[in-house]
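Novice: Okay, predicted coordinates and the sequence, questions at the end:
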Amino acid sequence: MPHYNAYESFQTKKSKEKKQRAIEKSTKKKNNKIENFVIENNDKYGIVVEVRYNDAYVLYNEKLVVARLRKDMNIVCNQVLFPGDKVVLNKINNTYLITNLLKRTSLLSRIKKDSTRINDSGLIKNIATNIDMAVIVVAAQEPPLHPKFIDRYLMILQNSNIPAIICLNKCDLKTDAEEKILDIYRKINIPVIETSTYKNTGIDDLKKYILGKQVILVGNSGVGKSSLTNALMNSNEIKTGQVSDKSKRGKHTTTTSKYYIWEKNSSIIDTPGIRSLDISSFNPEEVQEYFKEFNDYKDKCKYHDCLHYNEPSNSCVIKQAVTNGLININRYESYVRIMSDILNDKNYEHIIEELSERN
């Protein structure tokens, strides 16, 4: 006769299997709803400006309206829609319902490391959609300029097929150290714009780059994204913040991504400041594809599967190019740090030290 505990274990297993089947069925049903929700095109649409839990602000017929997802979706709004989305509305009894979502041209996402709240994709945090260009906003000082952050964002943007430029805000505080960092990106053909919202300089130069585009501003907290948005819109309505005296890190002033129109067919999506960027979901073999200065050398290594990481320098042409000054050592250091995160390798310092000694 089977032991009681064995019967209980069998029942527990059956219960878990039943729950799993229910979850899979629910997920499939939900995915089918979303699939039917998306359409190729429609001439009459509104643009999602801000998303809340159960509804969204939508710019529709030159008015800002509050709209909810159609009832049969049975999904919370912020799991489906993001700033920049184009949606079809239907007004019923003075209530706007979002009946369809137009197919997106781009979707910018990042891995969430700084929150316990996750969405259906696990740790993926979707930020904005239909982006023509991204402006990576950094500051000359307060907070200090960190090129490693720029490199990670360039990876994420390139992976989403979104062109990027760099905007150095607070340029009135720039020193030779920041100028050397910016030169690294100019040499790999990434445009760099210098602005100061305090002295109102460089704003017109930035406008020339983003005119006629749907643009997203991304960067660390405290670099001045909201101040730039105010300057572009000739407004002081958007809340701005200061840098913490103690940590020299920015305080979050924008808490959700928001959409602003500053000129005809020209819009800005201002995003919350990000203090860390996790790129651990990338494949180790693909990281080198995001460092364009590697292109002339990566296929010349002794081994076709060379990661340009732990391999000996005499077999890695990338390392030789760094030693000979053909590839900037700071960019290579960024590459090594990214690879160490992906490979979960804590002992990577010797790779950088070895090349630094040769330079």
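Specialist: All right, it came through fine.
Novice: and Lys187, what pLDDT?
Specialist: Residue-level confidence at Lys187 comes out at 93, pLDDT.
Novice: For it, list the residues it contacts.
Specialist: Counting by C-beta atoms under 8 Å, 6 or more residues apart in numbering, Lys187 makes contact with Asn328. Where you see a C-beta, it was placed from the backbone N, CA and C, and this is true even at glycine.
Novice: what's the answer for Asn61, then?
Specialist: Contact analysis of Asn61 by C-beta under 8 Å, 6+ apart lists Gly46.
Novice: give me phi/psi at it?
Specialist: Torsion angles at Asn61 (phi, psi; degrees, to the nearest 10) stand at phi 50, psi 40.
Novice: Now do the contacts for Ile352.
Specialist: The contact partners of Ile352, by C-beta under 8 Å, 6+ apart, come to 332-333, 336.
Novice: So what's the residue count around Pro312?
Specialist: When counting by other C-beta atoms under 10 Å, one arrives at 9 neighbours for Pro312.
Novice: List the buried residues of the helix or strand hosting Leu157.
Specialist: Taking DSSP states H and E as the criterion, the element that holds Leu157 is helix 147-159. Neighbour counts over helix 147-159 (16 or more other C-beta atoms under 10 Å) mark 147, 149-159 as buried.
Novice: This structure: strands as residue ranges?
Specialist: Secondary structure of the chain by DSSP state E: the strands cover 38-39, 46-51, 55-60, 63-69, 86-92, 95-102, 107-111, 124-129, 133-139, 164-169, 192-194, 214-218, 258-263, 266-270.
Novice: still on that earlier bit, which residues does the helix holding Leu157 contact?
Specialist: Around helix 147-159, the neighbours that count as contacts under C-beta under 8 Å, 6+ apart are 108-110, 134, 136, 138, 163-164, 166, 181, 184-185, 190, 218-220, 277, 279, 282, 287, 290, 330-331, 333-335, 337-338.
Novice: Give me the buried subset of those.
Specialist: Among these, those buried by neighbour count (16+ other C-beta under 10 Å) are 108-110, 134, 136, 138, 164, 166, 181, 184-185, 190, 218-220, 277, 279, 282, 287, 290, 330-331, 333-335, 337-338.
Novice: Could you measure from Phe294 over to Tyr259?
Specialist: For Phe294, the distance to Tyr259 (C-beta to C-beta, to the nearest Å) stands at 36 Å.
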